[in-house]
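Novice: Based on what follows, work out the 3D shape:
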Amino acid sequence: MAEFTNIPYVRIIGAAIVPAILYYFGVWAGVHFEAKKSGLRGLSRDELPKFKKIIVERGHLIIPLVAIIYLLVTGFTPMRAALWAIILSIVSSWLKKSTRISPIEIVRGLEAGARSALGVLAATACAGIIIGVVTLTGLGLKLGSILVELAGGLMIPTLFFTMVTSLILGMGVPTTANYVITSTITAPAVIMLLSKQAGLDPYAVAPASIILPAHMFAFYFGIIADVTPPVALAAFAGAGIAKANPMKTGINASKLAIAAFLVPYIFVMNPQMLLFDVTAISFIWMLITSLVGIISIAASVNGWFMTTELWYERIIGFVGGILLIDPGLTTDLIGMGLIALMVISQITRVRKAKRATVSP
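Specialist: Numbering: from 1, shown residues only. Okay, here's the model as predicted:
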């Protein structure tokens, strides 16, 4: 992405922090509500692995990860950074006898790495052909123009069509090739839309505040294809491990990852999430409304907040969460009000249930 957009790697990392936090928080909320509804519990404190023990025994294995991030941030090319990370992986493993890699294991690792790379190489080569065709024919701009016109130049319909296209293009495609394809074919539609709304020439070079949200939006949904039926490779792999129904697993994975389908809309409509033209107050308000909206939608999708949600509570909570995605103050206040109604209804029902249990 840094090479395609000419945006510094450090800037892209910074922009991705808040969306990542919202995504993982949303997944946590979905898992939490589903566990509460199903009567499941987490591990007790005694069953949890001791953090200090893990750091002492295997903390040195994080050295290659820290090194590759540092090297990329300081300007090393991805190839050189990866080379040094591989070397450090071997060297750091020798710091403890229990993690030491033998020469035979190194050879086997190189063989496994080469086999794994074949699929990526083939997909990337095909993606290169696609880029060549799209660039020479101007297909990317044409498709972008078609999507914008099909949506009538409106924000939500254009983003929806781009989302669906990215999901289709990302099905079963490795990460690198996934980005190459989606950034070339679907990102131009979002760039054209945002440029028009900003009063800029949609066919001219757009600023970073438009390019980065567009590329992240397209790539985000290209990756989410791995948990979205009917392909959902990641979900199907999990179903194989759990010996569960693949399609049901994919549907449940989509429910738990509902935040993944919402976060891209938030940072396109509100670039402050990607730290563009952000102030402390606006950033805090945006973060609070986004978190509350994601929690409310996760609760509505899973049918549980403090207790089982009734049908009207689910509708109120879902609509309130959707309204919080829009950066406008009016929609935020209405969304907060609707969610407050849902919470009050839940509290009232929980208290009634407790009184009914206590009374003879």
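Novice: So, low pLDDT: which residues of this structure?
Specialist: Under the criterion of pLDDT under 70, the regions of the chain flagged as low confidence span 119-120, 123, 127, 134-135, 139-141, 358-360.
Novice: Mind checking which residue lies nearest the centre of it?
Specialist: When the chain is reduced to its mean C-alpha position, the closest residue under Cα atoms, centre = their mean turns out to be A260, at 4.8 Å.
Novice: Quick check: closest non-adjacent residue to that one.
Specialist: Spatial nearest neighbour of A260, chain neighbours left out: I224 (5.0 Å); criterion: Cβ to Cβ, 6 or more residues apart in numbering. Every C-beta, even on glycine, is put in place using the N, C-alpha and C of the backbone.
Novice: for L48, phi and psi?
Specialist: Backbone geometry at L48, expressed as degrees, to the nearest 10, gives phi -70, psi 140.
Novice: Enumerate every residue touching it.
Specialist: Counting by Cβ atoms under 8 Å, 6 or more residues apart in numbering, L48 makes contact with nothing.
Novice: how much space between it and L256?
Specialist: Here L48 is placed at a distance of 22 Å from L256 (Cβ to Cβ, to the nearest Å).
Novice: cool, and I211?
Specialist: According to Cβ to Cβ, I211 stands 31 Å off from L256.
Novice: mind listing what A208 touches?
Specialist: A208 is in contact with T5, I7, R11, F276, counting by Cβ under 8 Å, 6+ apart.
Novice: Now secondary structure and distance to V268 too, for those residues, in TSV please.
Specialist: Output for the contacts of A208, formatted as TSV (DSSP: H, G, I helix; E, B strand; the rest coil; distance: Cβ to Cβ, whole Å):
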residue	secondary structure	distance to V268
T5	helix	15
I7	coil	16
R11	helix	17
F276	coil	11
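Novice: Just among the residues you listed, which is most surrounded?
Specialist: Note: the member of the contacts of A208 with the most neighbours is T5, at 18 neighbours, neighbours being other Cβ atoms under 10 Å.
Novice: Look up which helix or strand the closest residue to that residue other than its chain neighbours falls in, please.
Specialist: If you skip the residues right next to it in sequence, T5 has I211 as its closest partner in space, 5.2 Å away by Cβ to Cβ, 6+ apart. Here I211, judged by DSSP states H and E, is contained in helix 208-224.
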